[in-house]
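Engineer: have a look at this prediction, sequence included:
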2 protein chains.
Amino acid sequence: MAFLTDEKLVIVGAAGMIGSNMVQSALMMGLTSNICLYDVFSPEGVAEEMRQSGFCDARITATTDVAEAFKDAKYIISSGGAPRKEGMTREDLLAGNCKIAEDLGKNIKTYCPDVKHVVIIFNPADLTGLVTLLYSGLKPGQVTTLAALDSTRLQSALAKKFGVMQNEVVGAHTFGGHGEQMAVFGSAVKIAGRALSDIIGTDEFPEAEWEQMKKDVTQGGAAIIKLRGRSSFQSPSLLSVQMIASVMGGPKFPYPAGTFVQNEKYQNIMMAMDTTLDENGCTYKVPCGTPEENAKLDASYEHLCKMRDELVTLNIVPPTSEWSKINPNL
Amino acid sequence: MAFLTDEKLVIVGAAGMIGSNMVQSALMMGLTSNICLYDVFSPEGVAEEMRQSGFCDARITATTDVAEAFKDAKYIISSGGAPRKEGMTREDLLAGNCKIAEDLGKNIKTYCPDVKHVVIIFNPADLTGLVTLLYSGLKPGQVTTLAALDSTRLQSALAKKFGVMQNEVVGAHTFGGHGEQMAVFGSAVKIAGRALSDIIGTDEFPEAEWEQMKKDVTQGGAAIIKLRGRSSFQSPSLLSVQMIASVMGGPKFPYPAGTFVQNEKYQNIMMAMDTTLDENGCTYKVPCGTPEENAKLDASYEHLCKMRDELVTLNIVPPTSEWSKINPNL
């Protein structure tokens, strides 16, 4: 198999449902010939399954030792947080998983400061990604978070509603936080060539139905838990592996990613923007929608700021004015 | 994405761990633009996850209705049996899963007699595959069972022992039954160009260590249960999807498959042979090893005959003399 790279990819949380799926997906997509499975629980069983799947030309290692895992790592994807249970919001996970993110960031700084890119997917990813970036010492474009699931949920819901193939729905993006305060942008959406904005409010798609769809999209994770009896694991795995593939030089990632944002409007926050992921890491533009959509993005930002400030109160991060002391790149 | 086919692939047991992984793997490998998820438990959550993974150009349907699922099906992979629990042998599952296989075969005959190929992976697969074939009315080359896991386990164990990449171990195959009575063939194995038969019995690889390795391989499934706390699901999924890919015209499947065997030596049985899977289905040669290996294969066949005859006693299948009345192709 031709691999995108021979550089070391580390999957953090590799013994879990999402992590083990990421390992498989990375191998199937031929990302790298050098993949390391790391978890506090032994990921050796997952490594064995991969070898027994006939992935014969990749070096597959497994360890519970973080120093060994992170040594020479050039790419990391981490699903290594506590999972979300039925009835929990992403925010409920805030304190516990941000502490895990702090450790992750410090481990990166200690063991693999030359890592090229890190994708964070454990919730609340906007905050765990931010904390990881802060403590890792990496540059803003080197740490991204999984935000695409909201966009694919919107895309899928619209495809079903209008009875078209999902690839006929373009521009269905959500921005801002990955939590229930996300900003769903509909104004740029086209459905089989038709502008969604021309359809909303007609008999075909009454305003109330669109409002309900947006609400459903923000609660898409809870819907999967109801349907499967467990939180989603295949979709976050696949999308995050696609993200890391794009920074390895693979296919362009077509959905928004969560990225560190610092501009005149938004400061010291991580959230989904109009992003480009490539070998240079992540770059972004602030999306521009209708006044209502932009206001929703502002509100999502404010919500994220509140959660970030809660982390300050909890002493997990210092006030933003002191961040550059910890990470000069911020 | 370019698909191998646009014909309908049905994943039976799609709500389960193996089945949901097969759905994902089939989509990732671009097998077909038309995939149907069938299970007695709703597989809609899995379908939703797939749509939300951005598989935008495939038609992904989900149903609990077997008639709807099997209508126009051209390929089927079934993991839809009861799973194996820690401490259980594959044989413990015999009666329950063979009844499920009988229903599967009858459903194929009723709803999709024009199906091209069926891969069976629920255990004991040698028997469930045989029962499915009998009641489906299909030709022997149209139903195969997953047997490759034993070969990849042997290949992986040898790679680890000799410190080589797994793709440097060639010809590591097991034949006969997929249960603990399988026949592990070592005489054709080469390790980085060296004949394994020249190494066995030397200080580098004492006879006792090789005997232990063969024993470990036959108990590879139990080892995964110990390591992961659950039975393997990624490796059976991936290998079975590779099998169906090969009959769709995709890459050649490099490991043995379980196939219906009828010749002067072995009759009315399904077991792993030296197989070729391609668009014409499965063809096989009887492997020829050392006298000891051939004797082990004979013993594996005898063991399978006993289990088959147990099914006769249980009234799940009639005596073999009456099989052609149920399936004229046998």
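Structural biologist: Arrived safely, thanks for sending. Residues are numbered from 1 along each chain as shown, chains lettered A, B, ... in the order given.
Engineer: in stretch A:88-104, which residues are buried?
Structural biologist: Within stretch A:88-104, the residues that count as buried by 16 or more other Cβ atoms under 10 Å in any protein chain shown are A:88, A:90-91, A:93-94, A:97-102, A:104. C-betas here are computed from N, CA, C, even on glycine.
Engineer: JSON lines for these, including distance to chain B and secondary structure?
Structural biologist: JSON lines is the format used below for the buried residues of stretch A:88-104 (distance: Cβ to the nearest Cβ, whole Å; DSSP: H, G, I helix; E, B strand; the rest coil):
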{"residue": "A:Met88", "distance to chain B": "18", "secondary structure": "coil"}
{"residue": "A:Arg90", "distance to chain B": "16", "secondary structure": "helix"}
{"residue": "A:Glu91", "distance to chain B": "21", "secondary structure": "helix"}
{"residue": "A:Leu93", "distance to chain B": "20", "secondary structure": "helix"}
{"residue": "A:Leu94", "distance to chain B": "24", "secondary structure": "helix"}
{"residue": "A:Asn97", "distance to chain B": "22", "secondary structure": "helix"}
{"residue": "A:Cys98", "distance to chain B": "25", "secondary structure": "helix"}
{"residue": "A:Lys99", "distance to chain B": "26", "secondary structure": "helix"}
{"residue": "A:Ile100", "distance to chain B": "22", "secondary structure": "helix"}
{"residue": "A:Ala101", "distance to chain B": "24", "secondary structure": "helix"}
{"residue": "A:Glu102", "distance to chain B": "29", "secondary structure": "helix"}
{"residue": "A:Leu104", "distance to chain B": "24", "secondary structure": "helix"}
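Engineer: min pLDDT across these, which one?
Structural biologist: For the buried residues of stretch A:88-104, the weakest pLDDT value sits at A:Arg90, with 59.
Engineer: would you mind listing what in the stretch 51-200 of chain A touches chain B?
Structural biologist: For the stretch 51-200 of chain A, the contact set with chain B under Cβ under 8 Å from any Cβ of the partner chain comprises A:51-57, A:59, A:148-149, A:152-153, A:155-156, A:159, A:165-167.
Engineer: buried subset of those, written for PyMOL?
Structural biologist: Typed into PyMOL, the next command selects the buried ones out of these (criterion: 16+ other Cβ under 10 Å):
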select buried, chain A and resi 51+52+53+54+55+56+148+149+152+153+155+156+159+166
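Engineer: just to revisit the earlier point, mind putting the buried residues of stretch A:88-104 into a markdown table with distance to A:Lys252?
Structural biologist: Rendered in a markdown table, the data for the buried residues of stretch A:88-104 read as follows (distance: Cβ to Cβ, whole Å):
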| residue | distance to A:Lys252 |
| --- | --- |
| A:Met88 | 34 |
| A:Arg90 | 27 |
| A:Glu91 | 32 |
| A:Leu93 | 31 |
| A:Leu94 | 32 |
| A:Asn97 | 29 |
| A:Cys98 | 31 |
| A:Lys99 | 34 |
| A:Ile100 | 30 |
| A:Ala101 | 27 |
| A:Glu102 | 32 |
| A:Leu104 | 27 |
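Engineer: from these, pick the one nearest B:Asp39.
Structural biologist: Minimum distance to B:Asp39 across the buried residues of stretch A:88-104 is 26.9 Å, recorded for A:Met88 (Cβ to Cβ).
Engineer: now do the same contact list for the closest residue to chain B within the stretch 1-150 of chain A.
Structural biologist: Ranking the residues of the stretch 1-150 of chain A by distance to chain B (Cβ to the nearest Cβ) places A:Gly45 first, at 3.0 Å. Going by Cβ atoms under 8 Å, 6 or more residues apart in numbering or on different chains, A:Gly45 touches A:15, B:224, B:226-229.
Engineer: so is stretch A:223-242 next to chain B?
Structural biologist: Yes: with Cβ under 8 Å from any Cβ as the threshold, stretch A:223-242 lies in contact with chain B, specifically through A:223-224, A:226-229, A:232-235, A:238-239, A:242.
Engineer: buried subset of those?
Structural biologist: For those, a neighbour count by 16+ other Cβ under 10 Å gives the buried set as A:223-224, A:227-228, A:232-235, A:238-239, A:242.
Engineer: could you dump the helix or strand hosting A:Leu227 to PDB, C-alpha only?
Structural biologist: Under the criterion of DSSP states H and E, A:Leu227 resides in helix A:220-228. Provided in PDB are the C-alpha atoms of helix A:220-228 (Å, rounded to 0.1, in the frame of the first residue of the first chain):
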ATOM      1  CA  GLY A 220     -27.800  15.200  16.800                       C
ATOM      2  CA  GLY A 221     -25.500  13.500  19.200                       C
ATOM      3  CA  ALA A 222     -28.300  12.800  21.700                       C
ATOM      4  CA  ALA A 223     -30.400  11.400  18.800                       C
ATOM      5  CA  ILE A 224     -27.700   8.900  18.000                       C
ATOM      6  CA  ILE A 225     -27.600   7.800  21.700                       C
ATOM      7  CA  LYS A 226     -31.300   7.200  21.500                       C
ATOM      8  CA  LEU A 227     -31.100   5.200  18.300                       C
ATOM      9  CA  ARG A 228     -28.000   3.100  19.100                       C
END
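Engineer: give me the contact list for it.
Structural biologist: By Cβ under 8 Å, 6+ apart, the list of residues contacting helix A:220-228 from outside reads A:84, A:86, A:90, A:149-150, A:153, A:216, A:231-232, A:235, B:15, B:42, B:44-46, B:48-49, B:52.
Engineer: now that helix: how far from the chain's centre is it?
Structural biologist: Going by Cα atoms, centre = their mean, to the nearest Å, the spacing between the C-alpha centre of helix A:220-228 and its chain's C-alpha centre is 18 Å.
Engineer: make sure A:Ser156 is indeed in a strand.
Structural biologist: No: the assignment for A:Ser156 is helix, going by DSSP: H, G, I helix; E, B strand; the rest coil, so no strand is present there.
Engineer: any idea which helix or strand carries the residue lying closest to it once chain neighbours are set aside?
Structural biologist: Ranked by Cβ to Cβ, 6 or more residues apart in numbering or on different chains and with sequence neighbours excluded, the top spatial neighbour of A:Ser156 is B:Arg51, at 4.0 Å. In this structure, B:Arg51 sits in helix B:44-52 according to DSSP H and E.
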